[in-house]
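S.K.: Take this sequence and fold it.
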Amino acid sequence: MYSFPLPYLSFLAHFHESHDYFECHEVLEEYWKEKTDQSRDSVWVGLIQTAVSLYHHRRGNFAGAQKMAAKALKILQSRTGELAGLGIDSEAFLRQLSCRLQEITEGKAFAEMAIPFLDKEVVLQYRSFHQSCTPSILEKDAAYLRNKHLLRDRSPILNAREQALKQRHGQTADQSANL
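M.R.: Residues are numbered from 1 along each chain as shown. Alright, predicted model coming up:
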């Protein structure tokens, strides 16, 4: 039914329909981690960074937005063929992202952004995907979208950090005992 990866279609639905840039990051990062070689300069990372930049910009974090937009632009400029393979008009998208970076640098107010497409099939597919989702998944209020990272359950992340810290301290103690 779908010729594009479902996480990509989910990314596009969140990007264009609900403008939930945090969720864009989440779904595409999971795909990138599980289904790719996790290259830091992949097209997926460029798209993730674009969404993160928009998330920061909406929240008024201009430094974070600028940093992410610059990184995304650098990656995506070298991935125009892959963007085209995803149905994206790479020339228009890069021009738009470059303009957005300039707006962020100038401290201009946030405005939603749309990814321009050359292949209308990707639009049909992400809209079809969006129609199949329950409304609660994609319809969120502005405050929720702006502060989503503060509202989620972070206990798994905090537990993983605590375990890593314990391992480092444990390794340090073990290494010291061997000296």
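S.K.: and stretch 74-93, how far out from the chain's middle?
M.R.: 15 Å (CA atoms, centre = their mean, to the nearest Å).
S.K.: With only the CA atoms kept, save that stretch in CSV.
M.R.: Extracted as CSV, the C-alpha positions of stretch 74-93 are listed here (Å, rounded to 0.1, in the frame of the first residue of the first chain):
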residue,chain,number,x,y,z
LYS,A,74,24.8,21.3,5.8
ILE,A,75,23.7,17.6,5.7
LEU,A,76,20.8,18.1,3.3
GLN,A,77,22.9,20.1,0.8
SER,A,78,24.9,16.9,0.3
ARG,A,79,21.8,14.7,0.1
THR,A,80,19.8,16.2,-2.7
GLY,A,81,19.4,12.9,-4.5
GLU,A,82,18.1,11.2,-1.4
LEU,A,83,15.7,14.1,-0.8
ALA,A,84,14.4,13.6,-4.3
GLY,A,85,14.0,9.9,-3.7
LEU,A,86,11.8,10.8,-0.8
GLY,A,87,9.6,12.9,-3.1
ILE,A,88,11.0,16.2,-1.8
ASP,A,89,11.8,19.2,-4.1
SER,A,90,15.4,19.4,-2.8
GLU,A,91,16.2,22.8,-4.5
ALA,A,92,13.1,24.5,-3.1
PHE,A,93,13.5,22.8,0.3
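S.K.: how close does Glu112 get to Gln102?
M.R.: To Gln102, Glu112 is 17 Å away according to CB to CB, to the nearest Å. Backbone N, C-alpha and C define where each C-beta goes, glycine included.
S.K.: just Leu54 next, same as before
M.R.: Distance from Leu54 to Gln102, by CB to CB: 15 Å.
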